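Novice: This is a predicted model, with the sequence first.
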Amino acid sequence: MKNSGKFILFAFLAIANLGIISCKKQPAATVVDPQAEVIAKAKADLRALLNDTEKSIEQKEKELAAIKALNLTDPEVLSLIAQVEEKIAAQKAEALRLEEERKRREAELARANAPENRLRNFFGQISNAPSQGAADANINQALDMFTSPDAPVLIIISKAGDQPDYDRPTTIQKYLEYLKDQKKPADAIENIVFDDNGKIKELELTKLK
Amino acid sequence: MANIKNICLAAFMTIFAVSGLFAQSSEPELAPDRKAAIDSLALEKVRDLSKYISIIGDKETPFSEANRVIERAMELFSEGSQMGVSSLASNEVKYYGVRTYFRRLMALNYDKVKIDWFNIQYISDLERQPDGRYVGVITIYQRFQGITEDGMKYQDTTKKDITVYVERKQTQIGGRLIGFWDVLLGDIRVSETTQ
């Protein structure tokens, strides 16, 4: 009985000692704080977003939203978030400016290519042609826009209500030659009638503008 | 006999006056802005003729171009119109059909020719006639300058009166009836020639 008591005491001490040893094996410096890890990752991601030059604005916004959803209160994280937001806003403004510039250029190009403007340009080039040859070249190009050199040209000289008074009708060939001979500004374009192939089959000008 | 003549004259005048009234009543008087538009259109046609004459007379104008411009200028005139031509060397004013005048102008025996028209204005406003046409007279001054190959220079200034006819017409274009004012120039008469 005495021996069995000693054995129990010995076993107890051995187990207790084992517990002390196992506690000593865990060093204090290696303890992981999950919140700190999250903060560190957020900072790294935010810095990456600040320096990134390849991701799309949408991608950056998505990643930023994910970080903001963590609701971190770390001051440095908050500062980095503000910086990233500022950078995205600047990129958005620049993208918007570039888009507007592109649209403006496209609209300008469309305007320049619009038949009315092409025709107006030809009128100006013919009236102000430095030589007969230059005027003739422009006349030939302008005639390409019409169904025929005999396409009618009507010139409004006045209006009685909605009813216009016209000069004697002429043809586009004669009108273009008139501009070449008289070297004066063309009458304003009032209306253009196209055929199914997009060629001008009738032109109405006005002296009232 | 005198009575018969008087009766015939009275009858003729009555018929003329009545037909005139009918002609006038078919078209109402033009509103001032429409009248101003045709006044301005007629002046423009005269200015156009001025430019055509200077192109035709210019010795630097190629032959084919001058001929083309003659055709354009001819379209400004009513059938049978004549152009008066004067010279400081003679009191006589010669009249040519406009096409003949243009051909002669093109063939003038000068090395250089310069023709300018200036002071283009109405001396008689466009007035409505019994037949519905408007008739007026526009006066212009023409400065002519010709230089021969040996440097001899001839120049004169001529005052010319141009009769202008404006008529309302209609034509079909693209299936539509278009009403237009047809401005036609008539005879061009020389009223004075100075150096």
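Specialist: Sure, I can see it. Residues are numbered from 1 along each chain as shown, chains lettered A, B, ... in the order given.
Novice: List the strands paired with the longest strand belonging to chain B, with their directions.
Specialist: Counting by DSSP state E, the longest strand found in chain B is strand B:153-173. The strands that strand B:153-173 pairs with in its sheet are strand B:134-147 (antiparallel), strand B:176-194 (antiparallel) (by DSSP bridges).
Novice: Please spell out which residues along that strand are buried.
Specialist: B:154, B:156-167 (16 or more other CB atoms under 10 Å in any protein chain shown). Backbone N, C-alpha and C define where each C-beta goes, glycine included.
Novice: cool, stretch A:62-71 as well?
Specialist: A:Glu63, A:Leu64, A:Ile67.
Novice: Next: stretch A:79-98.
Specialist: In stretch A:79-98, counting by 16+ other CB under 10 Å, buried: A:Leu80, A:Ile81, A:Val84, A:Lys87, A:Ile88.
Novice: In which helix or strand does the residue lying closest to the last one once chain neighbours are set aside reside?
Specialist: Okay, so that is A:Ile88. In this structure, A:Ile88 finds its nearest non-sequential neighbour in A:Lys60, 5.6 Å apart by CB to CB, 6 or more residues apart in numbering or on different chains. Assessed by DSSP states H and E, A:Lys60 sits inside helix A:57-68.
Novice: what's the offset of that helix from the middle of its chain?
Specialist: Computed by CA atoms, centre = their mean, to the nearest Å, the chain-centroid distance of helix A:57-68 equals 20 Å.
Novice: Report all helices and strands that that helix contacts.
Specialist: Packing partners of helix A:57-68 (3 or more CB pairs under 8 Å, 6 or more residues apart in numbering or on different chains; DSSP states H and E): helix A:34-51, helix A:75-113.
Novice: Need those helices in CSV (columns: mean pLDDT).
Specialist: Compiled in CSV, the helices and strands packed on helix A:57-68 are given as follows (pLDDT from 0 to 100):
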stretch, mean pLDDT
helix A:34-51, 92
helix A:75-113, 91
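Novice: did I read that right, B:Tyr110 in a strand?
Specialist: No - when classified by DSSP: H, G, I helix; E, B strand; the rest coil, B:Tyr110 is found to be coil rather than part of a strand.
Novice: so who does the closest residue to A:Gln163 other than its chain neighbours touch?
Specialist: The shortest distance from A:Gln163 to any non-neighbouring residue, by CB to CB, 6+ apart, is to B:Gly179 (7.7 Å). B:Gly179 is in contact with A:Gln163, A:Asp165, A:Tyr166, B:Arg168, B:Lys169, B:Gln170, counting by CB atoms under 8 Å, 6 or more residues apart in numbering or on different chains.
Novice: Can you name the residues in contact with stretch B:110-121?
Specialist: So stretch B:110-121 is contacted by B:43, B:46-47, B:50, B:53-54, B:57-59, B:105, B:138-149, B:154 (CB under 8 Å, 6+ apart).
Novice: Spell out which parts of chain A neighbour chain B.
Specialist: A:132, A:152, A:154, A:157-158, A:160, A:163, A:165-169, A:174, A:177-178, A:181-183, A:193, A:201-202, A:207 (CB under 8 Å from any CB of the partner chain).
Novice: so where is chain B shaky, pLDDT-wise?
Specialist: Where chain B drops to pLDDT under 70, the residues are B:1-27.
Novice: Residue of it nearest chain A, please.
Specialist: B:Ala37 (3.5 Å; CB to the nearest CB).
Novice: got the phi/psi numbers for that residue?
Specialist: When read as degrees, to the nearest 10, the backbone of B:Ala37 gives phi -70, psi -40.
Novice: Excluding covalently adjacent residues, which one is nearest to the residue in chain A that chain B sits nearest to?
Specialist: Closest approach between chain A and chain B, counting by CB to the nearest CB: A:Ser158, at 3.5 Å. Using CB to CB, 6+ apart and skipping the chain neighbours, the partner closest in space to A:Ser158 is B:Ala37 (3.5 Å).
Novice: Give me the domain ranges for the chain.
Specialist: This is for chain A. A:58-113, A:115-206 (automatic domain parsing).
Novice: Correction: the question concerned chain B.
Specialist: What automatic domain parsing lists as the domains of chain B is B:1-29, B:31-194.
Novice: out of these, which comes closest to A:Ala107?
Specialist: Smallest distance to A:Ala107 across the domains of chain B (CB to CB): 31.6 Å, for domain B:31-194.
Novice: Run the chain-centre distance for the closest one.
Specialist: The answer for domain B:31-194 is 5 Å, by CA atoms, centre = their mean.
Novice: Low-confidence bits of chain A, can you list those?
Specialist: Judged by pLDDT under 70, the stretches of chain A that qualify are A:1-30.
Novice: picking that back up, alpha carbons of the longest strand of chain B, as PDB, please.
Specialist: What follows is strand B:153-173, C-alpha atoms only, in PDB (Å, rounded to 0.1, in the frame of the first residue of the first chain):
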ATOM      1  CA  LYS B 153      -2.900 102.500-124.600                       C
ATOM      2  CA  TYR B 154      -6.500 103.200-125.400                       C
ATOM      3  CA  GLN B 155      -9.000 103.900-122.600                       C
ATOM      4  CA  ASP B 156     -12.500 105.300-122.300                       C
ATOM      5  CA  THR B 157     -15.400 105.300-119.900                       C
ATOM      6  CA  THR B 158     -18.800 104.600-121.200                       C
ATOM      7  CA  LYS B 159     -22.200 105.100-119.400                       C
ATOM      8  CA  LYS B 160     -24.500 102.300-120.500                       C
ATOM      9  CA  ASP B 161     -28.200 101.700-119.700                       C
ATOM     10  CA  ILE B 162     -29.400  98.200-119.400                       C
ATOM     11  CA  THR B 163     -33.100  97.300-119.700                       C
ATOM     12  CA  VAL B 164     -34.000  94.600-117.300                       C
ATOM     13  CA  TYR B 165     -37.100  92.300-117.500                       C
ATOM     14  CA  VAL B 166     -38.300  90.200-114.600                       C
ATOM     15  CA  GLU B 167     -41.000  87.700-115.200                       C
ATOM     16  CA  ARG B 168     -42.700  85.200-113.000                       C
ATOM     17  CA  LYS B 169     -42.500  81.700-114.400                       C
ATOM     18  CA  GLN B 170     -43.100  78.100-113.300                       C
ATOM     19  CA  THR B 171     -41.300  74.900-114.000                       C
ATOM     20  CA  GLN B 172     -41.500  71.200-112.900                       C
ATOM     21  CA  ILE B 173     -38.600  69.900-110.800                       C
END
